[in-house]
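A.B. asks: got a sequence here, can you build the structure:
(one chain, ligands or ions: 1)
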Amino acid sequence: MDTEADTARDWWRDAVVYQVYPRSFQDTDGDGTGDLPGITRRLDHIDRLGVDALWLSPIYPSPGADLGYDVTDHAAVDPAFGTIDDFDRLLEAAHARGLRVLMDLVPSHTSIEHPWFRAHPERYIWSDDGPANNWRAAFGGPAWSRDPESGRWYLHSFFPEQPDLDWRNPDVAEAIGAVMRFWLARGVDGFRVDAVDRLIKDERLRDDPPATRPFPLYLRPEVAELELRYSGDRPDVGTALTALRHAAGDALLVGEAYVPTARLEAYLEHLDLTFCFELLHAAWNADRLGEVIGAAVESGGCAWILSNHDFPRLASRVGTEGARGAALLLLTLPGPAFLFQGDELGMPNGAEPAAPIDRAGRDPFRTPMPWDSGPGAGFTTGLPWLPLIGDEVGSVADQEADEGSTLALYRRLIRLRRELGRGFQLLDAPEGVLAYERGDHLIAMNVSGERTALPWRGDVVLATGPEPDPLETGAGVVLTTA
Ligand code: GLC
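C.D. replies: Numbers count the residues shown, from 1 in each chain. The predicted model follows:
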């Protein structure tokens with residue numbers, strides 16, 4: 001039987017987590033970049049959505065080659081975002097509202113400007129005479145670069161400014177463990193663990209073989225030419241994960257393992273959850289969605305995610321109406337759901353800035369939040385770091401005033417998910433319709449783009465579309481069948 005302590009520890013089992021991209025949430029000092037006091041000021045918005053927790057994308061000091069994912073000090077706050085006192089105030093204010101806070105832990109690499117790179121070169125992975133193998137960096141180009149100072153080559157799974165740490169060196173586990181304890185001692189509730197499939201590479205650094213079949217997650221074309229067999233996702237990743245678990249104690253660990261669902265098991269032995277990226281990348285048709293969801297539910301530890309700061313916005317991928325159906329899906333599947341800031345407004349991709357900031361092309365997914373229709377969209381009194389979204393999407397203030405808005409839909413869905421039963425059963429459904437049961441509720445989502453009469457009857461609790469009879473089509477509909 002569950003004890004009360006178990007229940008408190010497992011707060012995340014059915015949680016909705018809201019991803020805050022701090023740079024784009026709310027600026028308070030007019031420099032055009034969001035900051036920690038801004039998040040504290042906007043906690044009302046997060047709270048009113050009804051979510052359980054927020055995940056903060058990195059707030060650590062960073063030269064910005066990967067906007068915070070290139071860290072120079074894992075146990076400090078970048079002055080662009082504020083101070084450690086601002087952080088403590090945010091944490092306290094979030095907790096006072098019953099909102100938990102997850103940090104973004106970046107253990108697989110540091111910034112090349114991190115003091116460790118010079119003071120502790122043995123914490124990184126080196127090759128003396130040129131690249132040790134054919135591995136490719138996730139954002140393109142070879143995964144090895146020459147360090148002009150030592151003349152040796154270092155491994156980087158991402159940008160050259162992000163040298164990979166060597167998790168086969170116990171010092172690394174010790175150092176990252178200390179970082180985790182630093183944040184846990186301040187009171188954070190857990191970590192989203194970045195690039196966790198890259199922690200352990202092949203000990204012999206063997207070449208990745210040519211790919212023989214497509215990878216079910218998006219990869220840049222030159223990366224997709226190789227099978228990522230030795231450059232990550234190794235069978236002995238558990239040695240690194242054990243160390244993370246040891247440092248985290250009971251705190252929540254959500255792994256960003258960028259691997260197919262069938263490979264998640266090794267991660268779930270140590271982490272509480274892993275994102276299910278197959279859903280994010282699934283072709284938007286009922287058969288594929290059903291297949292991906294069925295397998296993910298079986299895996300037992302999937303955190304649902306349809307969008308984040310790395311991929312095109314949901315509304316740009318599946319259209320405005322489709323994005324409302326996607327919200328229904330995200331929030332009625334069994335288990336925790338992660339929702340990216342701005343999706344609750346149905347935000348599409350933003351404009352590319354004249355001078356791109358992210359070299360991997362992800363600026364349009366990180367557009368600042370439009371809070372109101374005033375100057376700077378209520379986001380900043382200064383010059384926003386990225387172009388603001390145009391009037392194709394209503395601001396938070398506009399949508400607050402509109403019962404039919406996407407924001408109102410998100411709020412209703414998050415309330416409704418608390419009433420859904422624990423069970424989950426995919427149902428046979430008409431062509432183009434994905435349907436499943438959660439206890440006494442039946443959820444159907446029409447992704448065919450065609451009007452389709454649904455065969456079920458019951459009381460319509462919620463419909464995502466404006467149709468007079470949601471059973472006659474409905475991008476998405478929830479019925480009670482009892
Ligand atoms: C993860 C992050 C991404 C970052 C990369 C390297 O995939 O989500 O934004 O660029 O790791 O840290």
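A.B. asks: going forward, measure contacts and count neighbours with C-alpha atoms only.
C.D. replies: Will do.
A.B. asks: buried residues in stretch 303-314, which are they?
C.D. replies: Ala303, Trp304, Ile305, Leu306, Ser307, Asn308, His309, Phe311, Pro312, Arg313, Leu314 (16 or more other C-alpha atoms under 10 Å).
A.B. asks: same check, this time on stretch 224-243
C.D. replies: Residues of stretch 224-243 classed as buried by neighbour count (16+ other C-alpha under 10 Å): 224-234, 237-243.
A.B. asks: pLDDT on it, on average?
C.D. replies: Taken as a whole, stretch 224-243 carries a mean pLDDT of 97.
A.B. asks: one more: stretch 200-216?
C.D. replies: Taken as a whole, stretch 200-216 carries a mean pLDDT of 97.
A.B. asks: contacts for it?
C.D. replies: 132-135, 166-168, 224-234, 236-237, 240, 260, 278, 281-282 (C-alpha atoms under 8 Å, 6 or more residues apart in numbering).
A.B. asks: between the two ends of that stretch, how far is it?
C.D. replies: 21 Å (C-alpha to C-alpha, to the nearest Å).
A.B. asks: please spell out which residues along it are buried.
C.D. replies: So stretch 200-216, judged by 16+ other C-alpha under 10 Å, has buried residues Ile200, Lys201, Asp202, Asp207, Asp208, Phe215.
A.B. asks: residues touching the residue in the stretch 51-200 of the chain that the ligand sits nearest to, list them.
C.D. replies: Proximity of the stretch 51-200 of the chain to the ligand (C-alpha to the nearest ligand atom) peaks at Tyr69, 4.5 Å away. Under the criterion of C-alpha under 8 Å, 6+ apart, the contact list for Tyr69 reads Pro58, Ser62, Val106, Thr110, Ser111.
A.B. asks: list just the nearest of the residues you listed to Ala173.
C.D. replies: Val106 (12.3 Å; C-alpha to C-alpha).
A.B. asks: surely that closest one is in contact with Arg198?
C.D. replies: No. Using C-alpha atoms under 8 Å, Val106 is not in contact with Arg198; the gap is 10.9 Å.
A.B. asks: these two: who's more crowded?
C.D. replies: Arg198 (25 against 22; other C-alpha atoms under 10 Å).
A.B. asks: I figured the more buried one hits Gly232, correct?
C.D. replies: Yes. Between Arg198 and Gly232 a contact is recorded at 4.7 Å, counting by C-alpha under 8 Å.
A.B. asks: now, which of the buried residues of stretch 224-243 lie within helices?
C.D. replies: Ala224, Gly238, Thr239, Ala240, Leu241, Thr242, Ala243 (DSSP state H).
A.B. asks: now the fifth one: closest residue in space that isn't a chain neighbour?
C.D. replies: It stands for Leu241. His270 (5.9 Å; C-alpha to C-alpha, 6 or more residues apart in numbering).
A.B. asks: who touches Leu279 in this structure?
C.D. replies: Leu289, Val292, Ile293, Trp304, Ile305, Leu306.
A.B. asks: mind running it again at 10 Å?
C.D. replies: 216-217, 260-261, 288-293, 296, 304-307, 330 (C-alpha atoms under 10 Å, 6 or more residues apart in numbering).
A.B. asks: quick check: phi and psi at it.
C.D. replies: Leu279 adopts backbone torsions of phi -70, psi -40, taken as degrees, to the nearest 10.
A.B. asks: and what of Ile305?
C.D. replies: Here is the backbone geometry of Ile305 (degrees, to the nearest 10): phi -150, psi 130.
A.B. asks: what bridges to it?
C.D. replies: Note on Ile305: beta-bridge partners by DSSP bridges are Phe338.
A.B. asks: how far away is Ala257 from the ligand?
C.D. replies: 9 Å (C-alpha to the nearest ligand atom, to the nearest Å).
A.B. asks: pull the number of nearby residues for that residue.
C.D. replies: Ala257 has 24 nearby residues by other C-alpha under 10 Å.
A.B. asks: thought Leu241 was touching it, still the case?
C.D. replies: No. Counting by C-alpha atoms under 10 Å, Ala257 does not reach Leu241; the two are 11.6 Å apart.
A.B. asks: shared neighbours of the two, which are they?
C.D. replies: Joint contacts of Ala257 and Leu241 (C-alpha under 10 Å, 6+ apart) are Val196, Asp197, Leu199, Tyr267.
A.B. asks: out of these, which is most surrounded?
C.D. replies: Leu199 (27 neighbours).
A.B. asks: ok, the nearest residue to that one once chain neighbours are set aside to Gly290 distance?
C.D. replies: Take Leu199 and drop its neighbours on the chain: the residue closest to it by C-alpha to C-alpha, 6+ apart is Ser108, 5.2 Å away. Here the criterion is C-alpha to C-alpha. By it, Ser108 lies 33 Å from Gly290.
A.B. asks: same question for Ala282.
C.D. replies: 10 Å.
A.B. asks: hang on, the earlier thing: contacts with the ligand among the contacts of Leu279, please.
C.D. replies: The subset of those lying close to the ligand, counting by C-alpha under 6 Å from any ligand atom, is empty.
A.B. asks: which of those residues fall within strands?
C.D. replies: Trp304, Ile305 (DSSP state E).
A.B. asks: closest one of the contacts of Leu279 to the ligand?
C.D. replies: Nearest member of those to the ligand, counting by C-alpha to the nearest ligand atom, is Ser307, at 10.8 Å.
A.B. asks: helices of the stretch 201-350 of the chain, residue ranges please.
C.D. replies: 221-224, 238-248, 265-268, 277-280, 286-299, 314-332 (DSSP state H, counting those that start in this stretch).
A.B. asks: rebuild the ones in helices among the buried residues of stretch 224-243 as TSV, extending it with distance to the ligand.
C.D. replies: Shown next, in TSV, are those (distance: C-alpha to the nearest ligand atom, whole Å):
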residue	distance to the ligand
Ala224	16
Gly238	19
Thr239	20
Ala240	17
Leu241	17
Thr242	20
Ala243	19
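A.B. asks: just the closest of the residues you listed to Ile389, please.
C.D. replies: Ala224 (32.2 Å).
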